[in-house]
Every structure is written in structure tokens, then in C-alpha cells.
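1. Give me a model of this one.
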Amino acid sequence: MKGEAMNYQEWVQSQFEGLSTSLGFHYTPEEEIAGRLTRLRSGMKTKGIDALLAVQKMDYYYLSGSTQNGILFVPIEGKPLLMVKREVERALLESPLEEVVELKSIRDLPSLIQDLWGRLPQTLGLELDVLPVNDYFKYEGLFPGARFMDTSLIIRDTRKIKSPFEIDLMKMAGEIGRKTYQKGRDLLKEGMTFAVEPKIVFPGEGSVGLENTVVVTKDGYDILTPLEQDILKV
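-> Predicted coordinates:
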């Protein structure tokens with residue numbers, strides 16, 4: 001007998017966390033995010049920056065703990081605001097931040113920030129090392145009274161200090177790599193070329209399941225990414 005269908009929101013709330021952790025995903029603890037924000041704000045204070053927007057995916061994930069598409073607003077004081085374009089339910093589960101809202105349009109940025117912070121920043125930091133020029137112009141239009149500053153080095157300095165949590169993850173990643181290459185030595189012979197799906201070879205090791213090609217030669221073997229495979233076909 002078929003039970004009542006579970007909607008997506010219920011599925012995320014009841015099953016997603018258990019499923020993702022069983023596949024090797026590690027959620028970022030609240031104290032880890034708090035430590036990163038403390039270091040970040042120290043750099044912001046030194047440079048006289050009122051607030052910053054984290055847009056680049058790795059910086060956004062590092063400071064929020066969420067992998068969902070969005071923008072993170074970090075004021076020099078007060079609660080950060082995580083604005084998510086899609087999958088708000090997953091962002092609420094992934095991120096330990098308290099303020100998580102839906103971002104329906106980039107034009108809503110100023111009003112969402114105004115509602116949380118009570119004002120708009122006079123000095124706003126952006127990741128100018130990676131931000132496209134067209135996006136920069138968009139932010140200029142959204143915050144016409146703000147002075148923009150580059151926060152690339154501040155974020156880089158924050159990220160270069162590795163916590164015990166991060167060191168443990170690096171060790172786990174190294175062990176996954178060791179197992180992968182050891183498996184290759186056990187299975188491969190000179191002259192063989194075939195496709196390998198890491199998620200099949202090592203289930204539950206946190207693989208993203210990208211397909212690569214392994215080429216074996218007399219001098220060893222190499223793993224080619226899909227891009228490298230396309231180059232070889234030219």
C-alpha cells in the first residue's frame with residue numbers, strides 16, 4: 001500500500017541530513033563559522049569596512065557553511081544575513097547562521113539588508129579579485145551611496161589559518177586520495193584505458209561522482225579529467 005507522498009520540504013527536514021552525512025558530507029559546526037567570522041571582522045575593522053558581500057562560491061561556503069546559490073552579507077557588527085536564491089530549506093539545514101532568507105531578485109539586496117541591519121553600509125567590501133566587472137557595476141547601482149573596497153586579501157588571510165576541524169577534513173581527503181591511487185595500482189595494467197566512476201569505486205567516501213579516464217603506461221598511470229579527455233580528441 002502506497003503511503004502519502006512526502007513533499008520536498010518535509011523530505012529535507014526529515015531525511016536529507018542523514019542521507020548526506022551517510023555519503024560523507026561534513027556540516028560546518030557553529031563554533032567553526034563563529035571563529036571564521038571573528039577573524040574576518042578583525043581584518044574588516046583594520047581596513048575600515050562597514051560590511052562585505054561574499055559572492056564567490058568558496059568564500060560564501062567558507063563563511064556560511066551552505067552550498068546553496070546565494071549571497072552572504074557580513075556586517076562589522078551584528079548578525080550575518082544569508083540570502084539564498086534557491087533551496088532555502090537546504091540552506092537552513094546546512095548553515096548554523098540564524099538569519100537565512102530567500103533572495104528572489106538581486107534588486108532585493110538593499111531592502112533585505114536594510115530590514116536586518118537598519119541601514120545600508122557606507123563602505124562595502126567585495127571580492128574584486130574574482131568579481132566580474134558587469135557584476136561590480138550592478139552593485140554600484142544597488143548601493144549608489146557606498147564606497148567599495150576590495151576584501152580579497154582579508155578573506156584570504158582568514159582562510160589561510162586552518163582549524164582542527166579543517167585539518168581533520170584535509171587528512172580525510174588525503175586518505176581518500178591514497179585509497180584511490182592504491183586501487184588503481186591493484187586494478188590497472190599497462191595499455192588499459194577505461195572510465196572510472198569514483199562514487200562506485202569508493203561509495204560513502206564523499207565523492208562528487210565525476211567521471212574520469214585512467215590511462216596506464218609503462219611509466220605509471222594518470223587520471224584525466226573530462227576537459228583533458230576533450231583536448232586529447234582534438
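
2. How far does stretch 175-185 sit from its chain's centre?
-> Distance of stretch 175-185 from the chain centroid (Cα atoms, centre = their mean, to the nearest Å) equals 25 Å.

3. And the average pLDDT for that stretch is what?
-> Taken as a whole, stretch 175-185 has an average pLDDT of 86.

4. Strands of the protein, start to end?
-> In the chain, the segments counted as strands under DSSP state E are 51-54, 70-75, 81-84, 99-102, 123-126, 147-150, 193-196, 212-217, 220-224.

5. which residues touch the spatially most central residue of the chain?
-> Centroid-nearest residue in the chain: residue 61, 3.2 Å away (criterion: Cα atoms, centre = their mean). The contact partners of residue 61, by Cβ atoms under 8 Å, 6 or more residues apart in numbering, come to residue 67. No exception for glycine: its C-beta is placed from N, CA and C like everyone else's.

6. Look up the pLDDT of it for me, please.
-> Per-residue confidence (pLDDT) for residue 61: 96.

7. quick one, domains of the protein?
-> 8-159, 164-233 (automatic domain parsing).

8. start to end distance for the first one?
-> End-to-end distance for domain 8-159, by Cα to Cα, to the nearest Å: 34 Å.

9. ok so, going back, can you tell me which of the domains of the chain is packed in deepest?
-> For these, the largest average neighbour count (mean count of other Cβ atoms under 10 Å) is found in domain 8-159, namely a mean of 17.

10. chain center to the top helix by length along the chain, what's the gap?
-> Criterion DSSP state H: the longest helix present in the chain is helix 164-187. Averaged C-alpha coordinates place helix 164-187 at 20 Å from its chain's average position (Cα atoms, centre = their mean).

11. Tell me which other helices or strands that helix touches.
-> Counting contacts by 3 or more Cβ pairs under 8 Å, 6 or more residues apart in numbering; DSSP states H and E, helix 164-187 is packed against helix 198-201.

12. With that, I have no additional questions.
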